[in-house]
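Student: kindly generate the corresponding structure for this input.
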Amino acid sequence: MQIDITKEQWIKIREQGKFKYILFHWIITVALPLGVVLPVFRIFFNSDYTFSRFITNVMINIVMFSFVSIIFGNWKWKKYSKMLN
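Tutor: Residues are numbered from 1 along each chain as shown. Presented below is the predicted three-dimensional model:
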């Protein structure tokens, strides 16, 4: 299995804790940008797209991608804990 971080990087991440790892590495870098970018692209493909629908879709996408990010963050945390400890 290929590891995409080094043991030194993992030690620094592990010292910060699981909550900060998931928040900074997954929710802020993955969920928030995807939650905003995907509705912007929908504007170009949908002619009857309104501003209120845009805001609603942004909020729904941020919540949805946050849940997905938490799941993947926990999975990666466990994977790195097993491989690098």
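Student: so where's this protein shaky on pLDDT?
Tutor: 1-3 (pLDDT under 70).
Student: for the longest helix that the chain contains, packing partners?
Tutor: In the chain, with assignment by DSSP state H, the single longest helix is helix 51-84. In terms of contacts (3 or more C-beta pairs under 8 Å, 6 or more residues apart in numbering; DSSP states H and E), helix 51-84 is packed against helix 7-16, helix 18-22, helix 32-45. Placement of C-beta: from N, CA and C, glycine included.
Student: compare those and give me the one nearest residue 76.
Tutor: helix 18-22 (8.3 Å; C-beta to C-beta).
Student: now stretch 42-60: buried residues?
Tutor: By 16 or more other C-beta atoms under 10 Å, the buried positions in stretch 42-60 come out as 54, 57, 58.
Student: not counting sequence-adjacent ones, nearest residue to the second one?
Tutor: It refers to residue 57. Once flanking residues are discounted, residue 57 sits nearest to residue 39: 4.2 Å by C-beta to C-beta, 6 or more residues apart in numbering.
Student: swap in residue 54?
Tutor: In space, residue 54 is closest to residue 39, 5.4 Å off (C-beta to C-beta, 6+ apart).
Student: need the contact list for the one you found.
Tutor: By C-beta atoms under 8 Å, 6 or more residues apart in numbering, the contact set of residue 39 is 54, 57, 58, 61.
Student: can you tell me which of those is nearest residue 75?
Tutor: residue 61 (20.7 Å).
Student: spit out the contact partners of that closest one.
Tutor: 34, 35, 36, 38, 39.
Student: for the third one, give its distance to residue 28.
Tutor: The reference is to residue 36. 12 Å (C-beta to C-beta, to the nearest Å).
Student: and those two? which has more neighbours close in?
Tutor: Ranked by neighbour count (other C-beta atoms under 10 Å), residue 36 and residue 28 place residue 36 first, with 15 against 12.
Student: is it true that the more buried one touches residue 58?
Tutor: Yes. Using C-beta atoms under 8 Å, residue 36 is in contact with residue 58, at 5.8 Å.
Student: so can I have CSV of the helices and strands packed on helix 51-84 showing distance to residue 78?
Tutor: Shown next, in CSV, are the helices and strands packed on helix 51-84 (distance: least, C-beta to C-beta, whole Å):
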stretch, distance to residue 78
helix 7-16, 12
helix 18-22, 10
helix 32-45, 23
